[in-house]
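Undergrad: What follows is a predicted protein model with its sequence.
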Amino acid sequence: MSGSSHGLSRRAALRRSTAVLHAGGLGEAAGDARFLLMGLLGLEARDLLVAGDQRLHDHEAAALDAALARRLSGEPVARILGAWEFWGLPIRLGPETLVPRPDTEILVEAALATVSDRSAPVRCLDLGTGSGCILAALLSELPGAFGTGLDRSEPALRIARHNIVANGFGSRSAFAVSDWCDAIRGRFDLVVSNPPYIARDVIRTLHREVHEHDPLAALDGGPDGLDAYRRILDGVRTQNLLAPGGMLALEIGYDQAETVRDLAVAAGFADRGLTRDLACHDRVLCFGLPKAAWDPHVSSDSG
């Protein structure tokens, strides 16, 4: 990477950063350069408009040049910044957490659509919470809700707890180390999960930003990509985690709807619908329990 950002104004540094990333073959050079400059310098859009001629301090120029080198090596912008936005909320990241993706906002939308009264004291459970971004989004929309986040990674849980507290929901949350449902008891109105669902042999074929920088444990769904769904469905059902009328919402891979639906029905769940993402790919499946499963006055052959 030739040259340096030292001595440049903010606008000139943005132009140079864009050119450097473009020359490095990055298709989103302009956007990446803008995110890096603004994120590293703590700027907002208006700062470039009204104070774009302000020169970078030496430490700012050095940080930007280092970030550009990392981006050219294939490291994602979000990893370089250590934070990303999800559902309009700032989310800190760590090596053990996925970068929140727009597709996962479809999971939040689908889950919220099952809640008839958003002011009610909804009990939420997020399995494999990671950064806690899904739980934070739900708590931001459900002011009376209490959310529990589970993850088998203690470092991930520390990140999740930070994000929930930093966004103002600390008093309405709890976290526990758990291998899926193993350590949890109770009844929940809403259970959500974005589990690992990539078949093991496929991971190495993914874009290098994913397979080189995302945590393997958050990607690896086993030989067929379905291991986590089997654990979740079995745990939720056998431990009776869904409250009467409760809903289970699962993010899925684009080609997994039929298989995951079959697994859920075989485990005793009732299909409550499929939601597609903006690219029209299958993205979220919702499941409930037949009324007979929680109402003793309904016969087992009722729907």
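TA: It's in. Residues are numbered from 1 along each chain as shown.
Undergrad: Could you use CA atoms for every contact and neighbour count after this?
TA: Will do.
Undergrad: quick one, phi/psi of residue 198?
TA: phi -90, psi 130 (degrees, to the nearest 10).
Undergrad: Let's verify residue 34: helix, strand, or coil?
TA: helix (DSSP: H, G, I helix; E, B strand; the rest coil).
Undergrad: helix or strand for the nearest residue to it once chain neighbours are set aside, which one?
TA: Leaving aside its sequence neighbours, residue 34 sits nearest to residue 14 (Cα to Cα, 6 or more residues apart in numbering; 6.5 Å). Per DSSP states H and E, residue 14 falls inside helix 10-23.
Undergrad: what's that helix in contact with?
TA: 1, 5, 28-30, 32-34, 37, 48, 51-56, 68, 71-72 (Cα atoms under 8 Å, 6 or more residues apart in numbering).
Undergrad: Give me the packing partners of the lowest-mean-pLDDT helix or strand in the chain, helices and strands only.
TA: In the chain, no helix or strand scores lower on mean pLDDT, DSSP states H and E than helix 208-211, which sits at a mean of 86. Counting contacts by 3 or more Cα pairs under 8 Å, 6 or more residues apart in numbering; DSSP states H and E, helix 208-211 packs against no other helix or strand.
Undergrad: any idea of the pLDDT on residue 291?
TA: pLDDT recorded at residue 291 is 75.
Undergrad: State the distance from it to residue 241.
TA: Distance, residue 291 to residue 241, using Cα to Cα, to the nearest Å: 15 Å.
Undergrad: coming back round to it: so how many other residues sit close to the residue nearest to residue 34?
TA: 24 (other Cα atoms under 10 Å).
Undergrad: for residue 36, what are its contacts?
TA: 64, 67, 77, 81.
Undergrad: does residue 147 really touch residue 169, like I thought?
TA: No: between residue 147 and residue 169 there is no contact under Cα atoms under 8 Å: 9.0 Å.
Undergrad: Please enumerate residues in contact with the least confident helix or strand of the chain?
TA: Residues outside helix 208-211 that contact it (Cα under 8 Å, 6+ apart) are 74, 75, 76, 203, 204, 205.
Undergrad: gap between it and the chain center?
TA: Offset of helix 208-211 from its chain centre (Cα atoms, centre = their mean, to the nearest Å): 16 Å.
Undergrad: If you count neighbours, what's buried in it?
TA: residue 210 (16 or more other Cα atoms under 10 Å).
Undergrad: Just the C-alphas of it, formatted as PDB.
TA: Written as PDB, here are the backbone C-alpha positions of helix 208-211 (Å, rounded to 0.1, in the frame of the first residue of the first chain):
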ATOM      1  CA  ARG A 208     -12.700 -15.800   2.900                       C
ATOM      2  CA  GLU A 209     -14.200 -13.000   5.000                       C
ATOM      3  CA  VAL A 210     -16.400 -15.700   6.500                       C
ATOM      4  CA  HIS A 211     -14.300 -18.800   6.800                       C
END
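Undergrad: contact partners of the helix or strand following that helix?
TA: As assigned by DSSP H and E, the chain's next helix or strand after helix 208-211 is helix 227-238. When contacts are defined by Cα under 8 Å, 6+ apart, helix 227-238 is touched by residues 180-182, 195-197, 221-222, 241-242, 260, 263-264, 267-269.
Undergrad: I'd like to know how far residue 78 sits from residue 209.
TA: Counting by Cα to Cα, the gap from residue 78 to residue 209 is 11 Å.
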